[in-house]
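Colleague: sharing a model that was predicted from the sequence below.
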2 protein chains.
Amino acid sequence: MSLPRFGRLTVDNINPNVKAAKYAVRGELATKAEEYRVRLEKGDKSLPFDSVIFANIGNPQQLDQKPITFFRQVLSLLEYPPLLENEDVLKNGLGYKQDVIDRAKRLLKDIRSVGAYSQSHGSPAVRASVAKFIEQRDGFPANPNDIYLSGGASSGVNTLLNVMCEGPKTGILVPIPQYPLYTATLSVLDAQCVPYHLEEEKAWGTEVDAIRASVAKAKADGIDVRAIVVINPGNPTGASLSPEDIKSVLDLAVDENLVVIADEVYQTNVFVGEFTSFKKRLRELQKAVPGRYDHVELASLHSVSKGMVGECGHRGGYFELVGFHPDVAAEIYKFISIMLCPPVIGQCLVELMVNPPKEGEPSYELYQKEYTGIRDGLHKRALALYEAFKKMEGVECQEPQGAMYLFPTITLPPKAVEAAKAKNRFPDEFYCLRLLDATGVCVVPGSGFGQKEGTFHFRTTFLAPGTDWVERIVKFHAEFMAEFK
Amino acid sequence: MSLPRFGRLTVDNINPNVKAAKYAVRGELATKAEEYRVRLEKGDKSLPFDSVIFANIGNPQQLDQKPITFFRQVLSLLEYPPLLENEDVLKNGLGYKQDVIDRAKRLLKDIRSVGAYSQSHGSPAVRASVAKFIEQRDGFPANPNDIYLSGGASSGVNTLLNVMCEGPKTGILVPIPQYPLYTATLSVLDAQCVPYHLEEEKAWGTEVDAIRASVAKAKADGIDVRAIVVINPGNPTGASLSPEDIKSVLDLAVDENLVVIADEVYQTNVFVGEFTSFKKRLRELQKAVPGRYDHVELASLHSVSKGMVGECGHRGGYFELVGFHPDVAAEIYKFISIMLCPPVIGQCLVELMVNPPKEGEPSYELYQKEYTGIRDGLHKRALALYEAFKKMEGVECQEPQGAMYLFPTITLPPKAVEAAKAKNRFPDEFYCLRLLDATGVCVVPGSGFGQKEGTFHFRTTFLAPGTDWVERIVKFHAEFMAEFK
């Protein structure tokens, strides 16, 4: 009989691909911020701030964003359907409108119970609503069988990359800066992230020539580059692509034979210009130039977590497959089946998001008021933050265009860069740690998203209410710059 | 400019590990059953049955199991907290009890909104409740920081296997027959399933000598066997392990230096004997034999999908880590962070499951009535099905002990085996397809779970109401046996 040994699993023998993955949005800074929050809650008076501001993550309802009434009223009925036996109390006692009641009944007819597993790719009625929404948004047909509901868009990305990545030589083009879900997932899958840099000077635009150069370099290294990820509107940059930009990505996809993964979760968070979906643009081009774009494979993702919905905790989302081989789609279906199905109440929230109250319906007025209130609030906060950044020494920031983030450049004094090195930190990481320790404001360093060598950034959401926390940043920044002058 | 080619992704160039994965519970039979259901719904009269019985999957609320009132009332308030401003209407108009209202308020205080992301491993208050539940169940302390909430137990298993599997030489012991989540996930991870057979003649018990033999064989093949999966009570077998059985698995874990993954999602579905958790047994042994069991690493999983809760669609679950190295736990935390957090409403349901109304509280009586009603109903149905199987020619079935399934052996006539071969089917798969086509009853062939060479089984849940469908099976079986005599 052998003796027991200590630690069958050690950090040196677990999955090296998991170990290699990095995910800064919930990394050390976020953990430290949570520790500060708990200390403050317990009455600790030793910190130099009285609240923690979680500007590290797009989590609107953790801050002060209220859920949309129509959505939540329907969900409350789905959770406890016997309420529907008391329509009178619901309407007169609790102010539920008829369309709330009708919608709950319609969804229950399809799903039976939010406690039952649905089909692996989601309830048929919800997928039908999503297809209808896409049709109305784009002006081109969509098929419910091509819609796959998912537990947030993250889970959809995980599925797509798992199926697409053949091995260590598979390359996926990922924008830099990017949302670290992509690089982390590629690490776990032991596939190659092929970075392409967004152009900060051109409002974080997508430069196709730069992408072609990245593809050529990767190919020369023996990488099978097979897909391109585009985040539109951008995270962390907020940049929104024009129809012309989208065409150039699709041209590249045709020329280089790439699958397009369009992460469009911020499609309603657009302040400047108008959102154009990749699906719409693809269909337009397929019509305009017969033949050339026929075989483009596109997967586009959406979510209930962002937009004016902001229901992150419900983990609802979907992706649409366009032009995928049916055998590949069948493998995607099998893959998601292993996890059974996405949360059913989250699926219902997807349905409500894509099919909100319409003009003339009882809940429309309130819905519209809440929706525009959230939208205007986000824009106002974005502008306030932008104005503050403009005034800060050594900080440059692109005008807010969309999403939920600003991603300013910070020019750090050489002494600060040295001080960071001495502590074995990236300079922007050093800056963000100091910011958190001094002010309680938690942002994510640019190094967590990727950035051009020698440049430094941080990402902050503009979700937190009030302007006090912006002032905390301004004050800290001035002191930091003075300290390392 | 190159010409567009058809299909960048084909079934021959996608992830070969995904392609190799098999998941029969939602495979061809389930898809066909769903097609039949849709045809019947559309009024198709050409089928030889008038309803489809989904006995392929443990999905109680898709059949007639009602959710537990207390749980769903609380969830309705969490979805629409403004209801709490009308306590009077809730109580007098809708029959909500005070403890429902109080619980919702308490949970909201911690989570803020079910629409907000929680911590990656779940809300602190929910994890605290889970730890308290484990303490009360086992009589040994549990730490909330060792609890990781997950989107159902499946997602927990996925996390654990992802982190544990170092490469293609990593071996994980998996019982045969097993729930195919394990083999499918190991396929996707390109790790080795090291099978060990359960002993049908001994009520599907776990025979440690057989496991030792499997380990020895795998080691001889150069496999690094590092963990053992035990499903207790068993799926698909329903078998429940005695404290002595659990000790022998823990002894094996010590001797062979294995991590134990205890899938305990059926812990309340026990008809015969009593459930003992691996954690409890481990702590008892650590106390009784100082030193020997000190370094056992155990991960135990639970879920809201099974038991008398049956809330599959909510995707709630948790796992507890015992004895894991903190650095490994940190990697697990990072891994789950990439997907942000499990559904928050599902987390709240975990809290309700582990902390139901207690004697003397307003909702207790109804809760208790509903809970025992479901439990007794399941037992009654299991026995009825068992009695029917006993009378069927060539069918043998172990007495129902727990879980939600029976897994009878079928002795198929040689002519049926030949007919199956001619159609390129496993014999039990052939049988199950014929059963579905003739009766609308969908079960899963034993080949989907693994079985000893030359034996044939199928797994059926005992969730469907009534006895009509059992009679359909009996009638079909007699005709099938006559046809292939």
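Modeller: Happy to help now that I have it. Numbering: from 1, shown residues only, chains lettered A, B, ... in the order given.
Colleague: can you give me the strands in chain A?
Modeller: Taking DSSP state E as the test, the strands found in chain A are A:53-54, A:147-150, A:170-176, A:192-197, A:224-231, A:259-263, A:298-303, A:317-322, A:395-396, A:405-406, A:409-410, A:441-442, A:444-445, A:458-461.
Colleague: of these, give the one that comes closest to residue B:28.
Modeller: Comparison of the strands of chain A against residue B:28 by C-beta to C-beta identifies strand A:147-150 as nearest, at 18.9 Å. In this view, the C-beta of every residue, glycine as well, is placed from N, C-alpha and C.
Colleague: name the helices or strands packed onto that closest one?
Modeller: Judged by 3 or more C-beta pairs under 8 Å, 6 or more residues apart in numbering or on different chains; DSSP states H and E, strand A:147-150 is in contact with helix A:124-138, helix A:152-164, strand A:317-322, helix A:326-337.
Colleague: what comes up buried for it?
Modeller: A:147-150 (16 or more other C-beta atoms under 10 Å in any protein chain shown).
Colleague: repeat that for stretch A:206-223.
Modeller: Of all the residues in stretch A:206-223, those buried under the rule 16+ other C-beta under 10 Å are A:206, A:208, A:211, A:214-215, A:218, A:223.
Colleague: try stretch A:421-441
Modeller: Buried residues in stretch A:421-441, defined by neighbour count with 16+ other C-beta under 10 Å: A:425-436, A:438-441.
Colleague: enumerate every residue touching residue A:258.
Modeller: With contacts defined as C-beta atoms under 8 Å, 6 or more residues apart in numbering or on different chains, the neighbours of residue A:258 are A:173, A:225-228, A:252, B:8.
Colleague: meant to ask about residue A:465, not that
Modeller: Residue A:465 touches A:63-64, A:381, counting by C-beta under 8 Å, 6+ apart.
Colleague: out of those residues, which is nearest to chain B?
Modeller: Distance from chain B was checked for each of the contacts of residue A:465 by C-beta to the nearest C-beta. The minimum falls on residue A:63, at 8.4 Å.
Colleague: need the contact list for that closest one.
Modeller: Under the criterion of C-beta under 8 Å, 6+ apart, the contact partners of residue A:63 comprise A:54, A:463-465.
Colleague: you'd agree residue A:448 is up against residue A:25?
Modeller: Yes - here residue A:448 reaches residue A:25: they are 6.7 Å apart, a contact under C-beta atoms under 8 Å.
Colleague: now for those two: what residues contact both?
Modeller: Between them, residue A:448 and residue A:25 have residue A:180 as joint contacts when contacts are counted by C-beta under 8 Å, 6+ apart.
Colleague: so those two - more neighbours on which side?
Modeller: residue A:448 (28 against 21; other C-beta atoms under 10 Å in any protein chain shown).
Colleague: who's in contact with the more buried one?
Modeller: A:22, A:24-25, A:27, A:180, A:429, A:459.
Colleague: by neighbours, which of these wins?
Modeller: Neighbour counts for the contacts of residue A:448 peak at residue A:459, which has 29 neighbours (criterion: other C-beta under 10 Å).
Colleague: partner residues bridging that residue?
Modeller: Note on residue A:459: beta-bridge partners residue A:444, judged by DSSP bridges.
Colleague: would you mind measuring from it to chain B?
Modeller: 16 Å (C-beta to the nearest C-beta, to the nearest Å).
Colleague: enumerate every residue touching that residue.
Modeller: By C-beta under 8 Å, 6+ apart, the neighbours of residue A:459 are A:56, A:177, A:236, A:405-407, A:443-444, A:446, A:448-449.
Colleague: same check on residue A:308?
Modeller: The contact partners of residue A:308, taken as C-beta under 8 Å, 6+ apart, are A:68, A:268, A:370-371, A:374-375, A:378.
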